[in-house]
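**Student:** here you go, sequence then predicted model.
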Amino acid sequence: MFRYFQTLLNAGQVINSWTSKPTVARFLTTANQMDKPKVLVTREDIPKSALSILEEKCELEVMPNKSPISRTDLLNKISGKHGIFCFLTDKIDKEVLDQAGSQLKVIGTMSVGYDHLDLNEIKKRNITVGYTPGVLTAPTAELTVALTLATTRRLFEAHDEIANGGWAKCSWGPLWMCGSGLVGAKVGIVGLGSIGLAVAKRLLPFEVAKIMYCGRHEKPEAAAQVLGEYVTFDQLLQESDVVIIMCPLNDTTRNMFGPTQFALMKPNAVFINTSRGGVVDQDALVNALKTGQIAAAGLDVMTPEPLPADHELTKLKNCVLIPHIGSATLQTRTTMATMTAQNIVNALEGKPMPAQLC
Ligand SMILES: O=C(O)C(=O)CO
């Protein structure tokens, strides 16, 4: 309820400062007669359904590129806009906000993560932010389980053995391509938020022995659904056969996995990350994989993204890499895009957003 009123309050601010009119009602009458608000969409390959929502209410500038907007274009094109439809590949920081001008009222990011947005600077300017929580929980959890299976059962490596002649050489070997599997595994989830919980629920039917989790505070209701045990970070590292990173990237989680943490993990441990690459000191991870400090890693996220094709991680057989596709189902991405468009339109119209971050 509080959030609803807060949204309305913010929306009121949006309206008043954008139109310089004292009341919402006055604004709505005036808006019909005024030019539409200007919105920048930073890349063109978004679903038509999202564009239609925006087109109806806004004057759009859609960047004609399928790759991320360049920094120079972002700085140029944001100037004078009332809203921006952006992605996790677009860094919205002080420089961009200064360049945008004081009329910028809403940022809609087509993501649940928001580490690319400088929220302190955004809040200083009373800019409203919309994001896409909830709608990508299931597909991201599904992908995390797929990556966990691919890593614990060495699927990519096994696939390569066919093309590189490994299979032909050994035929079927009693110990060839053996992985660890999930039956009886102790799984440690770092961050039992909605996606972490969805992963835990999906792992239970694989007959894992135990789910442990750590985080800023205990989550008894979520944990009860998966018989999860709240443990310290160190205990989770020391006891888990599979460690799954499910926490957001922020100042407290940046580089939380470094040499000390990998040294605490078991030599048979498998490390899975579908959150953000920045949570991990990647050099320390490479070292842990090379020296056998841990058995394997499965990563959907890395630093930087895209990871250079010749990066050391790509050369390690015990590392499964996929290119940040956690939420990549057509249905999910379409829902994320329409939600982002609706967030923007609602903020500009002074209505509550489907999902307001701040
Ligand atoms: O929405 C996000 O934050 C993502 O990482 C998409 O997969």
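**Tutor:** Perfect, thanks for sending it. Numbers count the residues shown, from 1 in each chain.
**Student:** nearest residue to the middle of the chain?
**Tutor:** For the chain, the residue sitting closest to the mean C-alpha position, by C-alpha atoms, centre = their mean, is residue 113 at 4.2 Å.
**Student:** and that residue, that one's in a strand?
**Tutor:** No: secondary structure of residue 113 (DSSP: H, G, I helix; E, B strand; the rest coil): coil, not part of a strand.
**Student:** the ligand contacts on the stretch 1-150 of the chain?
**Tutor:** 88, 111-113, 136 (C-beta under 6 Å from any ligand atom). (C-beta placed from N, C-alpha, C; glycine too.)
**Student:** run the last query once more with 5 Å
**Tutor:** Residues of the stretch 1-150 of the chain found near the ligand (C-beta under 5 Å from any ligand atom) are 111-113.
**Student:** save those residues as JSON lines, and put in pLDDT too.
**Tutor:** As requested, those are exported to JSON lines (pLDDT from 0 to 100):
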{"residue": "111", "pLDDT": "98"}
{"residue": "112", "pLDDT": "98"}
{"residue": "113", "pLDDT": "98"}
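**Student:** need the residues you listed in JSON lines with distance to residue 190, can you?
**Tutor:** Putting those into JSON lines (distance: C-beta to C-beta, whole Å) gives the following:
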{"residue": "111", "distance to residue 190": "20"}
{"residue": "112", "distance to residue 190": "17"}
{"residue": "113", "distance to residue 190": "15"}
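**Student:** thinking again about what came up before, could you find the closest non-adjacent residue to the residue nearest to the centre of the chain?
**Tutor:** residue 88 (5.8 Å; C-beta to C-beta, 6 or more residues apart in numbering).
**Student:** where's the one you found relative to residue 197, distance?
**Tutor:** 22 Å (C-beta to C-beta, to the nearest Å).
**Student:** quick one, which of the two is more surrounded?
**Tutor:** For the pair residue 88 and residue 197, the greater number of neighbours falls to residue 197 (24 against 18), based on other C-beta atoms under 10 Å.
**Student:** so the more buried one makes contact with residue 222?
**Tutor:** Yes: with contacts counted by C-beta atoms under 8 Å, residue 197 reaches residue 222, the gap being 4.8 Å.
**Student:** mean confidence for stretch 68-78?
**Tutor:** For stretch 68-78, the mean pLDDT works out to 98.
**Student:** mind checking how far it is from the chain centre?
**Tutor:** 22 Å (C-alpha atoms, centre = their mean, to the nearest Å).
**Student:** got the contact list for it?
**Tutor:** Around stretch 68-78, the neighbours that count as contacts under C-beta atoms under 8 Å, 6 or more residues apart in numbering are 40, 42-43, 61, 63, 84, 87, 89-91, 95-96, 99-100, 104.
**Student:** got the CA coordinates for it in CSV?
**Tutor:** The C-alpha coordinates for stretch 68-78 follow below in CSV (Å, rounded to 0.1, in the frame of the first residue of the first chain):
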residue,chain,number,x,y,z
PRO,A,68,24.5,-1.9,-27.6
ILE,A,69,24.3,1.8,-28.2
SER,A,70,27.8,3.4,-28.2
ARG,A,71,28.7,5.7,-25.4
THR,A,72,28.9,8.6,-27.7
ASP,A,73,25.5,8.0,-29.1
LEU,A,74,24.0,7.5,-25.7
LEU,A,75,25.4,10.8,-24.5
ASN,A,76,24.1,12.6,-27.6
LYS,A,77,20.7,11.0,-27.9
ILE,A,78,19.6,11.1,-24.3
